[in-house]
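[1] Got a sequence here, can you model it:
(one chain, ligands or ions: 1)
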Amino acid sequence: MKQIFKKSNYITLIILILLILSSGSIAYSSEPPFVIITIDVESRKFNDASWPMPEQVNAVCMNNVPCGLGKMTELLKEKGFPAVFFLNVYEYKKYGEKPIMELAKWFDGAGHDVQLHTHPQWAYDKARNLTHQYTLDEQIKIIKDGKYLLEKWLGKPVLAHRAGAYGADENTLKALIENDILYESSLFIASENSKVTALDLRKNVLSMYGPLYEFPVTVYRKHESPPFLEGLLKPVSRVRKYDVNWFADADEAEKALQKAVELKLDFIILFLHSFSFVEEYHNDGAKKARMSSIKNFERALDFIAKNKLPVITFKDIKDKNVDLTKYLNKPDVIPEVSVRVGAAQYIRRLIGINRGNYKVVVLSASILIIFSVVVIMQLRKRRRQNA
Ligand SMILES: [Zn+2]
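    Coordinates of the predicted model:
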C-alpha cells in the first residue's frame, strides 16, 4: 500500500514538472490577458502639413527608415499576430473610394481585422469633428454609411467601432446597436471627448450597455518619482494608455504590460495610430521616423510573444464564439507603474507643464519675473530718494 502511495506521488510530481516546463512560465495562476492590438488608420496633421492616409503604406523616413503601415504589418507578421485596423473610411470623400478600399483589402488579405473608425468631419460637417456632436439620427446614418462601405469592400460584417478622438456618447452606443455593431472601444478615461465615460460602465475592464460590449482603452497609472529625496517628495501620478507613442521608453512598455498580467486584466488594448512611427512630416513629403515608438512596439510584441499572451481580434471573438460573459463583473482595476525620472522632468510634471500649456506657463512666468523686477526697481528708487 505504502509503495503504491509513493508511486502516485512520484507520478504527480513528474506531471507537475512537465506542466511547468511546457508552459515556460508559471507567472499566471489563471488565464493570461488577451491582447487586442488596435491601429486607428487616418490622415494626420503635422505642424506644417497633413500626411494623407493613402501615402502611409510604404512610407520611408529620413535615413531610409521604414516608418509606415508596411513596417507595422511587417513587425506583426514576424510574430504571427493579427491586429484590428480601425479604418476612417470617411476619408473616401477626399481621396475617392479606391485607395481606401485597397487599404482595407490589403489589411484583410494579410489576415488582419478591419473595423470602423468614425471621424465624421471628413464626410458630413467640417465644423463638427466629434461623433457626439451629431444627433442620434445623424449618428445612426454616419455609422450606417461607414458600415455599408466596409461591408461592400470586404464582404464581411462590421463588428466593432471606435469613435475618432474617443468622441462617443450614449447616442453613439444606441446608433451602433441600431446598426448591429456590438463591440465598442471608445471609452478612454483620460479623454474629455469620451462622453461614454460618464455612463454606468467599467472604466478599464469589459462591461455591457444593453447588448453591446464596451472594451475600454486600457490604461495604467504612472507614478513618477524624482531621483532625490525619495520618500519625502511625493511621486507625480498620471493616467496613461498602452500606446506605443505614450510609453516613455521600451522598459516602460514592458513594465506596464507586466503589471497588467500581474493584475490579471482580461483584456489589454495595445494602441497605435497608422502614423505612430512618424515624428515629423513636411509638405515636401520629407518625414522623420519616431524611433522610440518603433522600439516600444517591438518590445511590447516581444513581451507578448515571450509570455504567450493570446493576441485576438474582434473577428476572432465572433468567429471563435469567445464567451465574453465570463469577463463581465470583474473589479475595475488599474495597473500601477512606478518610474524614476530626472529632476527637470519631475519639476515639469509637478507644476503641470505639458505640450498643451507650456506657452501659457512660460508667458505667465515671464510676466511674473518682469513684474517683480519692476517692483524691486521702484522700491530701490524710493529708498534712494528717501536717503
Ligand atoms: Zn482617429
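[2] Show the residue spans covered by the helices in the stretch 251-387 of the chain.
    All helices of the stretch 251-387 of the chain, identified by DSSP state H, counting those that start in this stretch, fall at 291-306, 314-319, 343-350, 358-386.
[3] what bridges to the residue sitting nearest the centre point of the chain?
    With distances taken as C-alpha atoms, centre = their mean, residue 271 lies nearest the centre of the chain, 2.8 Å away. Note on residue 271: beta-bridge partners residue 38, residue 243, judged by DSSP bridges.
[4] Look up how far the ion lies from it.
    Using C-beta to the ion, to the nearest Å, residue 271 is found at 11 Å from the ion. In short, each C-beta sits where N, CA and C put it, glycine included.
[5] do residue 267 as well
    Distance, residue 267 to the ion, using C-beta to the ion: 20 Å.
[6] On the pLDDT front, check that residue for me.
    Note on residue 267: pLDDT of 98.
[7] That one contacts residue 31, correct?
    No - in this structure, residue 267 is not within contact of residue 31 by C-beta atoms under 8 Å, at 11.2 Å.
[8] Of those two, which one has the most company?
    Legend: neighbour count by other C-beta atoms under 10 Å for residue 267 and residue 31, higher for residue 267 (21 against 12).
[9] That one: what's it in contact with?
    Residues near residue 267 by C-beta atoms under 8 Å, 6 or more residues apart in numbering: 33-36, 205-206, 215, 218, 327.
[10] and residue 125, how many neighbours?
    Around residue 125 there are 11 residues (other C-beta under 10 Å).
[11] Can you name the residues that contact it?
    Applying C-beta under 8 Å, 6+ apart, we find residue 125 in contact with 133-134.
[12] Relative to the ion, how far out is it?
    Per C-beta to the ion, residue 125 is found 17 Å from the ion.
[13] That residue in helix, strand or coil?
    coil (DSSP: H, G, I helix; E, B strand; the rest coil).
[14] Tell me the residues on the stretch 151-300 of the chain that lie near the ion, please.
    residue 164 (C-beta under 5 Å from the ion).
[15] For the ion, what's the nearest residue on the stretch 151-300 of the chain?
    When scored by C-beta to the ion, the stretch 151-300 of the chain has residue 164 as its residue closest to the ion, at 4.0 Å.
[16] OK, contacts around that residue?
    Shown in contact with residue 164 (C-beta under 8 Å, 6+ apart): 40, 42, 88, 117-120, 129-131.
[17] can you rerun that using 7 Å?
    For residue 164, the contacting residues are 88, 117-119, 131, by C-beta atoms under 7 Å, 6 or more residues apart in numbering.
[18] go on, residue 273?
    Taking C-beta under 7 Å, 6+ apart, we find residue 273 in contact with 39-40.
[19] quick revisit: would you format the helices of the stretch 251-387 of the chain as TSV with distance to residue 93, mean pLDDT and mean neighbour count included?
    Formatted as TSV, those follow (distance: least, C-beta to C-beta, whole Å; pLDDT from 0 to 100; neighbours: other C-beta atoms under 10 Å):
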stretch	distance to residue 93	mean pLDDT	mean neighbour count
helix 291-306	29	98	19
helix 314-319	25	98	18
helix 343-350	41	82	14
helix 358-386	34	77	10
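[20] quick revisit: buried ones from the contacts of residue 164, can you make that a ChimeraX selection?
    Selection of buried members from those for ChimeraX, criterion 16 or more other C-beta atoms under 10 Å:
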select :88,117,118,119,131
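[21] Tabulate the contacts of residue 164 (TSV), appending pLDDT.
    What follows is these, written out as TSV (pLDDT from 0 to 100):
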residue	pLDDT
88	98
117	98
118	98
119	98
131	98
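[22] Among the contacts of residue 164, find me the one that's closest to residue 314.
    residue 117 (12.7 Å; C-beta to C-beta).
[23] quick one: residue 261 and residue 253, what's the gap?
    Using C-beta to C-beta, to the nearest Å, we find residue 261 at a distance of 13 Å from residue 253.
[24] So if I had to pick from the two, which one is more boxed in?
    Between residue 261 and residue 253, counted using other C-beta under 10 Å, residue 253 has the larger neighbour count: 27 against 19.
[25] And the pLDDT at that one?
    For residue 253, the model assigns a pLDDT of 98.
[26] My read is that it contacts residue 296, right?
    Yes - with contact defined as C-beta atoms under 7 Å, residue 253 counts as touching residue 296 (4.6 Å).
[27] Identify the contacts common to the two.
    By C-beta under 7 Å, 6+ apart, the residues touching both residue 253 and residue 296 are residue 247.
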